[in-house]
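Asker: Sequence and predicted structure below; questions after.
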Amino acid sequence: MFKRVLVANRGEIALRIIRACKELNIETVAVYSEADADSLHAKMADTAICIGPAPSNKSYLHIPTIISAAEIGNVEAIHPGYGFLAENAHFAEICESCNIKFIGPTPQQINLMGNKSQAKETVKKAGVPTIPGSAGLVDSSEKAVKIARKMGYPVIIKASAGGGGRGMRIANNDISLANAFMAAKSEAESAFGNSDVYIEKFIENPRHIEIQILSDKYKNTVHLYERDCTVQRRHQKLIEESPSPVISEKTRQKMGEAAIKVAKSVNYENAGTIEFLYDKHGDFYFMEMNTRIQVEHTITEMVTGIDLIKEQFKIASGEKLAFSQNDIKISGHTIECRINAENPEKNFMPSPGKVTGYYSPGGKGVRVDSHVYCGYVIPQYYDSMIAKLITWGKNREEAIDIMRRALDEFKVEGIDTNIHFQKEIITDDSFRSGNYATNFIEELLKNRE
Ligand code: MV4
């Protein structure tokens, strides 16, 4: 196992990684920006190195400074967390060339999955269901129209360099398709410096269900079942749960097997997530693969008992997975509410500033992953998530009941949060019944007006 690692992140995930390191007896080097001098990740690590001014591109995204910190800190490995450099193949490559192990997949695997069109063609060849559409990229709106007429409207144009909802356009007829095609291309060019697009049949109001996988370097791959992340607003997840309240046991097994096929098709190493769309007919399709640990990894930990961050370290250090598929079982039900410093009544405007009062919930079935404490100042420079509130119950009803109680207990003063909005969601009849789709939040907000 590594002796010392650098944590190239901040906030709750930096803490989460440092905690795993402590349990594995790994020494930690934290990096922090000038805005994060009083942050818990800098205090909790064995060593902390300031890497520059508050803006991310001058600190948490600044590769030369992070590599310098790794060299000064004399670390053997870097854990990138999520966001920032986690899916930057160039960074993973530089780590490799500096003899520092990047805790994650190889640069080639990151690149392949980052190219959404190529990823889709690769997994299709491996026998994984994909959404009907173009075979690879589409280079003219005339060709797009031809394909769309053949498969029928509505269709969606997606940027190949996109993902997570960026660079997408929906079209309902030939005319709107010509516009959507040009718009998607130019948006993709300015957002990603790559105007490649492809086309798919548009699936209306699907559910977002993803599978966690782990793969060691000896080609052992397991899945850790699903996370249902259907509750989102503008591609920002708000609530995640496991198991999904809507899929059958048969679909669960098939989705798990499909996810393993995806990982094996690229010889994947480390932790990864395969996202699927699940439609109203009960069919599922590969959407994309995330080549990082995700925010919502915690809920998989709650129902499987497996510490995913520790597994990442073990895999990266060359250990063999200590369990096989048959050893992995789902126990009970878990829900995660993301607590953000934002005001849902003001169009979810971010609310940075000083936390003047703080009490986080506890008790049976409650886990809080957060870097916040009373007196902490939430910087304006980074994302607005300040805590993950996770509950576990023997079934969905109990997990929701505990969540309602825990949200009531959660007190944050000095800034605005979405705690009350989360209570509104989990007490909503559609949410309680499990019968909703990706338009759920939009509908909830509409019905309040
Ligand atoms: C789709 C789709 C419907 N049909 N593709 C959004 C994020 C990106 N990963 C892909 N996304 C979608 N792709 C086809 N062919 C609908 C979405 C989508 C969505 C997916 C998951 C969760 C929430 C969503 C909200 C809007 C659109």
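Answerer: All right, it came through fine.

Asker: report the longest strand in this protein, please.
Answerer: Identified as the longest strand of the chain according to DSSP state E is strand 221-233.

Asker: That one - contacts with which helices or strands?
Answerer: Applying 3 or more C-beta pairs under 8 Å, 6 or more residues apart in numbering; DSSP states H and E, one finds that strand 221-233 makes contact with strand 207-215, strand 236-242, helix 249-265, helix 297-304, helix 440-448. For glycine as for every other residue, the C-beta is placed from the backbone atoms N, C-alpha and C.

Asker: for stretch 257-270, what is the average pLDDT?
Answerer: The average pLDDT within stretch 257-270 is 97.

Asker: If you could redo that for stretch 13-32, that was the one I meant.
Answerer: pLDDT averaged over stretch 13-32 gives 98.

Asker: Name the residues of the stretch 201-350 of the chain found near the ligand, please.
Answerer: 201-203, 206, 208, 232, 235, 277, 287-288 (C-beta under 6 Å from any ligand atom).

Asker: Could you chop this structure up by domain?
Answerer: What automatic domain parsing lists as the domains of the chain is 4-103, 132-201, 207-448.

Asker: from the chain's centre, how far out does the second one sit?
Answerer: Same thing as domain 132-201. 24 Å (C-alpha atoms, centre = their mean, to the nearest Å).

Asker: going forward can the numbers begin at 23, since that is how I track them
Answerer: Sure thing, new numbering starts at 23, so read that last one as domain 154-223.

Asker: so how far is the first residue of it from its last?
Answerer: End-to-end distance for domain 154-223: 6 Å, by C-alpha to C-alpha, to the nearest Å.

Asker: ok, the longest strand of the chain: who's next to it in the sheet?
Answerer: Looking at strand 243-255 with DSSP bridges, its partner strands are strand 229-237 (antiparallel), strand 258-264 (antiparallel).

Asker: Let me know which of those is the nearest to Glu34.
Answerer: strand 258-264 (14.5 Å; C-beta to C-beta).

Asker: Report the buried residues of the closest one.
Answerer: 258-264 (16 or more other C-beta atoms under 10 Å).

Asker: Repeat that for stretch 120-134.
Answerer: So, applying 16+ other C-beta under 10 Å, buried residues of stretch 120-134: 122-129, 131-134.

Asker: can you list the residues of the stretch 23-172 of the chain near the ligand?
Answerer: So the stretch 23-172 of the chain meets the ligand at Ile153 (C-beta under 6 Å from any ligand atom).

Asker: And the strands in the stretch 23-172 of the chain?
Answerer: 26-29, 49-54, 69-72, 99-101, 123-124 (DSSP state E, counting those that start in this stretch).

Asker: and the shortest one, which strands flank it?
Answerer: Sheet pairing for strand 123-124, assigned by DSSP bridges, gives strand 99-101 (parallel).

Asker: Just give the closest residue to Gly185, not the sequence neighbours.
Answerer: Excluding the flanking residues, the one nearest Gly185 by C-beta to C-beta, 6 or more residues apart in numbering is Glu310, at 5.4 Å.

Asker: check contacts around the one you found.
Answerer: By C-beta atoms under 8 Å, 6 or more residues apart in numbering, the residues touching Glu310 are 135, 138, 141, 185, 297.

Asker: from what I can see the fourth one touches Ala141, true?
Answerer: This points to Gly185. No - between Gly185 and Ala141 there is no contact under C-beta atoms under 8 Å: 9.3 Å.

Asker: how deep is the closest residue in space to Ile225 that isn't next to it in sequence tucked in, by neighbour count?
Answerer: Distances taken as C-beta to C-beta, 6+ apart place Asp301 nearest to Ile225, at 5.1 Å, with adjacent residues excluded. If you count neighbours by other C-beta atoms under 10 Å, Asp301 ends up with 16.

Asker: Asp301 reaches Pro228, doesn't it?
Answerer: Yes - between Asp301 and Pro228 there is a contact at 5.1 Å, judged by C-beta under 8 Å.

Asker: which neighbours do these two share?
Answerer: With C-beta under 8 Å, 6+ apart, Asp301 and Pro228 have no common neighbours.

Asker: pLDDT score for Ala111?
Answerer: In this model, Ala111 carries a pLDDT of 98.

Asker: To clarify, my last question referred to Cys359.
Answerer: The score at Cys359 is 98. That number is its pLDDT.

Asker: Over to the one 4 residues further on?
Answerer: Confidence at Ala363, expressed as pLDDT, is 98.

Asker: contacting residues around it?
Answerer: 372-375, 400, 406-408, 437-439.

Asker: give me that answer again for 6 Å
Answerer: Ala363 makes contact with 373, 400, 406, 408, 437, 439, according to C-beta atoms under 6 Å, 6 or more residues apart in numbering.
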